[in-house]
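Engineer: Following is a predicted model, sequence given first.
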Amino acid sequence: MNKKQDLVKNAIIPTDAYPYNIPDTWIWCFSGSIADIVSGGTPKTSFDEYFTTKDEGIPWVTPADLSNYEDIYIVKGERSITKLGLSKSSAKLMPANTVLFSSRAPIGYVAIAKNEITTNQGFKNFVLPSKVSPEYLYYFLKHNKKSVEQMATGTTFKEVSAKTIKKLPIPIPPFQEQIRIVNKLKMSLNIIGEAKNKIIQAKALIKKRHEALINQTFNSSNFNEWDYKELDEVAEIISGYAFKKQDFIETNGIKSVKITNVGVREFINNQTQNLPEEFNIKYSSYVVEENNILIALTRPYIKNGLKVCFYPLKEKSLLNQRVAAIKIKDNFLLKYIYYFLTSKEVLEYVKSFSKASSQPNLSIKSLKSLSIPIPPYEKLVEKVKKIEGESIVEKQILEKLEEAENHIEKMHESLLRKAFRGELVEQRVEEGTGLDLFEEIIEEKLSVKF
């Protein structure tokens, strides 16, 4: 057996070991047999002469450069390295059309080099032969992110080694079929992308409509001769307790409400630790119940608005530090106060206390002294019902949009699934087979080694 035959035999996965069925004209092979896997590197950051601005020097990409990156191709990262930096590090200059794949922190960012490029050590990069479409591999890696993540090892953070990534199975169709698959994917994914954008725009429009209703309701010019009362005159307000780190337990107990639970008109139920059940009695003055209003006291607002929400859970919780709870017995007054707290008037009030601070804070004293316009009760009920009625319609529309979004996501996954099972485009006899292509790849790799 000659070297070429030996390479072909060791690189192709036997049919009885296929991860899933593919057309007879395709083959399964290991990624390391069709690509040179090249790791990146970082010059010592203590040497300024190793780095330069992104518009000069040699393009250098880190995983951070691919965070929220939407394009398929990338030209450069936020920083570049110099020729000296390249020579003094383990970074490698790779050719255009190299597929960049982040192998740690996090795993799964993918882009294709538009030009010669280098990366840091957070990548395992695929330098491909001429008969493998970089865009075909790009879409395959995007689709199989979870599979690659399962191959990762490590305790501090998960990472996929070059040795491991070389063993990633890849289905290989003939080259022309790869191109047709990519073209069909691009066209279909573009349509799906447009549909997603329309849903995002529709959601944003509903949000603006709701905000406009709230701000119109609580515009100071509409208050007329209403009475003004401070918040603590109409509600019981409590501030959370500074529970110690060692108080929290992994086992069952009573939940706690932390500042991370309070979003903009949204309760974020992300707690994994509890407090001992006996704390329910010991710290009874910090108990939070269903439909209490929660408001963050540290960083009380973000770009989306004030961090205020209802506590939605049936079971009681204990209020942690830097969160306040507002308790009101009358249901209409409760909702009126909540809607008022979500208005632009209150957001500006809170912002006024933190203009000179790098970290916005709202004191419990300032919260209690918040001045609230209180209309006659009949008028109050009328305003609450109007907002509730609009909110019901908005919720119904949002649910429909969520259904459409889920359906589009399933279409997206189905499209990619079909692409790499030979179900997206037809097979053509005249284009040859994946085995023919693989033999050409081996010949190319034997004649020119990266």
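Structural biologist: Alright, I've got the coordinates. Numbers count the residues shown, from 1 in each chain.
Engineer: contacts, neighbours, all on C-alpha from now
Structural biologist: Noted.
Engineer: what about the nearest residue in space to Lys203 that is not next to it in sequence, neighbour count?
Structural biologist: In space, and not counting its chain neighbours, Lys203 is closest to Leu398: 6.9 Å by CA to CA, 6 or more residues apart in numbering. By the criterion of other CA atoms under 10 Å, Leu398 has 17 neighbours.
Engineer: I figured Leu398 was touching Gln201, is that so?
Structural biologist: No. Assessed by CA atoms under 8 Å, Leu398 is found out of contact with Gln201, at 11.7 Å.
Engineer: Helices of the stretch 251-400 of the chain, residue ranges please.
Structural biologist: Along the stretch 251-400 of the chain, counting by DSSP state H, counting those that start in this stretch, helices occupy 279-282, 331-341, 344-351, 364-368, 377-419.
Engineer: by contact count, what packs against the helix or strand just after the longest one?
Structural biologist: Using DSSP states H and E, the helix or strand that follows helix 377-419 towards the C-terminus is helix 434-447. Under the contact criterion of 3 or more CA pairs under 8 Å, 6 or more residues apart in numbering; DSSP states H and E, the helices and strands touching helix 434-447 comprise helix 3-11, helix 31-34.
Engineer: where among those is the average confidence lowest?
Structural biologist: Here the lowest mean pLDDT among those goes to helix 3-11, at a mean of 69.
Engineer: what about the longest strand in the chain?
Structural biologist: The longest strand of the chain (DSSP state E) is strand 107-113.
Engineer: How about residues contacting the following helix or strand past that one?
Structural biologist: Sequence-wise, the next helix or strand downstream of strand 107-113 (DSSP H and E) is strand 118-119. Contacts to strand 118-119, defined as CA atoms under 8 Å, 6 or more residues apart in numbering, come from residues 39-42, 58-62, 91-94.
Engineer: How about Ser89: what's its closest non-neighbour residue?
Structural biologist: Pro43 (4.8 Å).
Engineer: hang on, the one you found in a helix?
Structural biologist: No. Judged by DSSP: H, G, I helix; E, B strand; the rest coil, Pro43 forms no part of a helix; its state is coil.
Engineer: check contacts around it.
Structural biologist: Counting by CA under 8 Å, 6+ apart, Pro43 has contacts 50, 81, 85-86, 88-91.
Engineer: neighbouring contacts of the longest strand of the chain?
Structural biologist: With CA under 8 Å, 6+ apart as the test, strand 107-113 has contacts from 63, 66-67, 71-75, 95-102, 134-135, 138, 141-142, 145, 148-149, 158-160.
Engineer: If any of the residues you listed are buried, put those into a PyMOL selection.
Structural biologist: Selecting only the buried entries of those in PyMOL, with 16 or more other CA atoms under 10 Å as the criterion:
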select buried, resi 63+66+73+74+75+95+96+97+98+99+100+101+102+134+135+138+141+142+148+149+158+159+160
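Engineer: In TSV: the helices of the stretch 251-400 of the chain, plus mean pLDDT and distance to Ile13.
Structural biologist: Shown next, in TSV, are the helices of the stretch 251-400 of the chain (pLDDT from 0 to 100; distance: least, CA to CA, whole Å):
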stretch	mean pLDDT	distance to Ile13
helix 279-282	93	59
helix 331-341	97	62
helix 344-351	92	61
helix 364-368	94	66
helix 377-419	96	20
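Engineer: for those, which one sits closest to Ile442?
Structural biologist: Nearest to Ile442, of all the helices of the stretch 251-400 of the chain, is helix 377-419, at 24.4 Å by CA to CA.
Engineer: what's the spacing between that closest one and its chain's center?
Structural biologist: Centroid displacement of helix 377-419 relative to its chain, using CA atoms, centre = their mean, to the nearest Å, is 20 Å.
Engineer: which secondary structure element contains the most centrally placed residue in the chain?
Structural biologist: Nearest to the mean C-alpha position of the chain, by CA atoms, centre = their mean, lies Asn68 at 8.1 Å. Assigned by DSSP H and E, Asn68 belongs to neither a helix nor a strand.
Engineer: pLDDT weak spots in the stretch 151-300 of the chain?
Structural biologist: Nowhere does the stretch 151-300 of the chain drop to pLDDT under 70.
Engineer: Break down it into its strands, ranges please.
Structural biologist: Residue ranges of the strands in the stretch 151-300 of the chain, as given by DSSP state E, counting those that start in this stretch, are 169-172, 227-230, 236-239, 255-257, 262-263, 266-267, 287-288, 293-296.
Engineer: The second one pairs with which strands, and in what direction?
Structural biologist: Using DSSP bridges, the neighbouring strands of strand 227-230 in the sheet come out as strand 371-374 (antiparallel).
Engineer: Out of the contacts of strand 107-113, name the ones that lie in strands.
Structural biologist: If you go by DSSP E, the contacts of strand 107-113 have 73-74, 99-102 in strands.
Engineer: Could you export the residues you listed as CSV, including pLDDT and distance to Ala325?
Structural biologist: Formatted as CSV, these follow (pLDDT from 0 to 100; distance: CA to CA, whole Å):
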residue, pLDDT, distance to Ala325
Tyr73, 98, 49
Ile74, 98, 48
Val99, 98, 51
Leu100, 98, 48
Phe101, 98, 46
Ser102, 97, 43
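Engineer: Surely Ser33 touches Ala11?
Structural biologist: Yes. Look at Ser33 against Ala11 with CA under 8 Å: they come within range, at 5.6 Å.
Engineer: Stretch 28-45: end-to-end distance?
Structural biologist: Distance between the two ends of stretch 28-45: 42 Å, counting by CA to CA, to the nearest Å.
Engineer: And for stretch 261-279?
Structural biologist: Length of stretch 261-279, first residue to last, CA to CA: 20 Å.
Engineer: returning to that earlier point: for the helices of the stretch 251-400 of the chain, which one ends up most surrounded?
Structural biologist: Comparing the helices of the stretch 251-400 of the chain by mean neighbour count (mean count of other CA atoms under 10 Å), helix 331-341 ranks first with a mean of 19.
Engineer: ok, residues contacting it?
Structural biologist: So helix 331-341 is in contact with 214, 218, 293, 306, 308-309, 327-328, 346-347, 372, 380-381, 383-384, going by CA under 8 Å, 6+ apart.
Engineer: Put the alpha carbons of it into CSV.
Structural biologist: Output of helix 331-341 as CSV, limited to C-alpha atoms (Å, rounded to 0.1, in the frame of the first residue of the first chain):
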residue,chain,number,x,y,z
ASN,A,331,-55.0,45.6,43.8
PHE,A,332,-55.8,48.7,41.7
LEU,A,333,-53.6,51.0,43.7
LEU,A,334,-50.8,48.3,43.5
LYS,A,335,-51.0,48.2,39.7
TYR,A,336,-51.3,52.0,39.4
ILE,A,337,-48.1,52.4,41.4
TYR,A,338,-46.3,49.8,39.4
TYR,A,339,-47.2,51.4,36.1
PHE,A,340,-46.2,54.8,37.5
LEU,A,341,-42.8,53.3,38.5
